[in-house]
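# model this:
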Amino acid sequence: MAEVIRMPLLSDTMTEGKIVTWNKKVGDKVKSDDVLADVETDKATMEVVGYADGTLLYIGVPAGEAAKINQIIAIVGKEGEDYKGLLDGDGGAKAAPAAAPVASAPAAAPVAPAANTTKVALPAGAKEIRMPLLSDTMTEGKIVSWNKKVGDFVKSDDVLADVETDKATMEVVGYEEGTLLYVGVEAGKAAKINQIIAIVGKAGTDVSAYVAAEKSGANAGAQPVATAETPATAPTAPETITAAEPVAATNGRVKASPLAKKLAAEKGFDISKITGSGDGGRITKKDVDGYVPAAAPAATAAKTSSVAPSNYVAGVESFDEIEITNIRKTIVRRLTESQFNALHIFLTIEIDMDNAIAARASINDIAAPAKVSFNDMVVKACAVALKKHPMCNASWRGDKIIVNHHVHVGVAMAVEDGLVVPVVRFADNKTMSQISADVKDFSGKAKSKKLSPMDMSGNTFTVSNLGMFGIDQFTSIINTPDACILSVGAIKQVPVVKNNQVVPGNIMKVTLACDHRVVDGAVGAAFLQTLKKYLENPVTMLA
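Residues are numbered from 1 along each chain as shown. The predicted structure is shown next:
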């Protein structure tokens, strides 16, 4: 199924991005980590990665022209695939309203300066690095680790730090070469969007006076805020760097993405010996993952845990204190908002899974290129049922109900830090094997904290399955903006009545949580009846 590529939010003040160059043309084969285009924002020139494999079917914005945030700029899919339906209502010329940039992401409010304080300019040649906006819902980022320390020389494409957002752990990369003069946020601490986290410049440059003025608030209002109307080449005082992955270097150094460099270093690989498959021989994550050296050294990185080490002593009262991660904070915030804003009603139904068990065994034995799980079957059944019950594929937005024509099913996954919900896009048009492959890919990314914001956005319905943990039945809080979430329990062998006889049966209970502002009880019940029909007769899903 074709995937839409939209103009991403690449900085906190960005309202549009100018396509500097397209690195691919219509008809070219592209990989998920290929750089499709270079985009000039109000702060810097950055790379846009498609995160989709296939053929570049459509380019909506020519080089030299600008696109609004979330406007369709390209479509990737199968060669010859009809993609025009994806442009309906957008036409590639309008920004989609569903994902407006976050307006409440300014720098941390400074303390009002005292009357006798004096503004201090950043020394010539020094560059600030501020906390970037790495996801559309991010308000702050936690520094997981610094990969450089004060006094280290850094290159323009070095990964300075790993930052935990509300959705994933991402890399912060600078744009200038120089010495790391100042680190403003310790590892383990959080910084607000646009807050200064580091300064890079010429070795020996004294930035202490500038840092002191920043902390006291003396510099408040001293520097202009870049806007979409401010040319990217216009000088600012002081000049700032917003972190993001830079354009690949061409000055003789190995051309590789920061993530590829980091993975190669972690695995002990000599990156210069790895053949790159990206643009111009650029080494990507896939190249590192697929590289087999003559004698690969054993990995030495120890697995870390978010749980504090226990100091339990028998007969002594004690406790462990666990720091709340940004992912957990976001879970709390979003579920609290959902619980208080959405008017939850819960509907439960029992499903006879005898035929589903037999069908799954046949699919996996005969036809499936990827092993299909019961959860994959549930996702597929939900997707096709939603086409018949579009009000369950809707959302509440202000004083309007948005009824989606497309079906994007979010699949809740437990991770060490909490819960993530990657999205199987156009699930109604995918086979169970394709859904299985998508879910397995998401699971791997979730465990390594490499899910992208695109992976976790756009859901129109959500499935949460605790059956594999032996839970018979439970209720979930709606994953906004969805109007519904399905809670899936375990398949249990129980006595059932068939043809007036008590026989062994395999029963699964599912509970649909509905936002009563959008979905009435009868509408939710009708959806569950259709879902039951599909799962009790899986062949009907293929009709």
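# End to end on stretch 478-492, go ahead and measure it.
Stretch 478-492 has an end-to-end distance of 25 Å (CA to CA, to the nearest Å).
# going forward, begin numbering at 455 instead of 1
Okay, residue one is now 455; in that scheme the one you just asked about reads as stretch 932-946.
# Quick one: mean pLDDT for that stretch?
The predicted model assigns stretch 932-946 a mean pLDDT of 92.
# do the same with stretch 990-997
Mean pLDDT, computed over stretch 990-997, is 87.
# outside of it, which residues touch it?
If you take CB atoms under 8 Å, 6 or more residues apart in numbering as the criterion, stretch 990-997 is touched by 805-807, 809-810, 813-814, 831, 834-835, 838, 987-988. Using the backbone N, CA and C atoms, a C-beta is placed for each residue, glycine as well.
# what's the closest of the residues you listed to Met910?
Closest approach between the contacts of stretch 990-997 and Met910, by CB to CB: Lys834, at 20.3 Å.
# wait, that closest one sits on Asn883?
No. With the criterion set as CB atoms under 8 Å, Lys834 and Asn883 do not qualify as a contacting pair; they are 10.4 Å apart.
# who has more neighbours, the two?
Set side by side, Lys834 and Asn883 give different neighbour counts by other CB atoms under 10 Å, the larger being at Lys834 (27 against 14).
# Give me the phi and psi angles of the closest residue to the more buried one other than its chain neighbours.
If you skip the residues right next to it in sequence, Lys834 has Met886 as its closest partner in space, 5.0 Å away by CB to CB, 6 or more residues apart in numbering. Here the main-chain torsion angles of Met886 (degrees, to the nearest 10) amount to phi -60, psi -30.
# residue contacts, Met886?
For Met886, the contacting residues are 817, 822, 826, 830-831, 834, by CB under 8 Å, 6+ apart.
# Flag whichever of those residues scores worst on pLDDT.
pLDDT across these is lowest for Ala822, at 61.
# per-residue confidence for Gly912?
Gly912 is assigned a predicted lDDT (pLDDT) of 87.
# How many residues are close by Ala580?
When neighbours are defined as other CB under 10 Å, Ala580 has 22 of them.
# contacting residues for it?
Shown in contact with Ala580 (CB under 8 Å, 6+ apart): 632, 635, 653-656, 659, 661, 664, 692.
# Among those, which pair sits farthest apart?
Of all pairs drawn from these, the greatest distance, 15.2 Å, lies between Gly632 and Tyr664 (CB to CB).
# In contact with Glu535, which residues?
Counted by CB under 8 Å, 6+ apart, Glu535 has contacts 456, 509, 511.
# so which strand or helix has it?
Applying DSSP states H and E as the criterion places Glu535 outside every helix and strand.
# coming back round to it: and the pLDDT for the residue nearest to Lys834?
Spelled out, the predicted local distance difference test score at Met886 is 92.
# how much space between it and Leu940?
Computed as CB to CB, to the nearest Å, the Met886 to Leu940 distance reads 17 Å.
# again with Gly638
With the distance defined as CB to CB, Gly638 ends up 45 Å from Leu940.
# So for these two, which sits in the more crowded spot?
Neighbours per residue (other CB under 10 Å) separate Gly638 from Leu940, with Leu940 holding more: 26 against 19.
# so where does that one fall, helix or strand?
Remark: Leu940 resides in strand 938-952, with elements defined by DSSP H and E.
# What is that strand packed up against?
Contact partners of strand 938-952 among helices and strands, from 3 or more CB pairs under 8 Å, 6 or more residues apart in numbering; DSSP states H and E: helix 828-842, strand 915-919, strand 955-969, helix 975-990.
# Give me the below-cutoff pLDDT ranges for the stretch 605-754 of the chain.
Judged against pLDDT under 70, the low-scoring parts of the stretch 605-754 of the chain cover residues 620-622, 628-630, 672, 674-708, 711-713, 716, 720, 732-734, 748-754.
# all helices for it, in order.
Remark: helices assigned in the stretch 605-754 of the chain by DSSP state H, counting those that start in this stretch are 662-670, 712-721, 739-743.
# Now render the ones you listed as TSV, adding distance to Gly539 and mean neighbour count.
Rendered in TSV, the data for the helices of the stretch 605-754 of the chain read as follows (distance: least, CB to CB, whole Å; neighbours: other CB atoms under 10 Å):
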stretch	distance to Gly539	mean neighbour count
helix 662-670	51	17
helix 712-721	34	19
helix 739-743	30	18
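# nearest to Asn795, of those helices?
Distances from Asn795 to each of those were compared by CB to CB, and the smallest falls on helix 712-721, at 36.9 Å.
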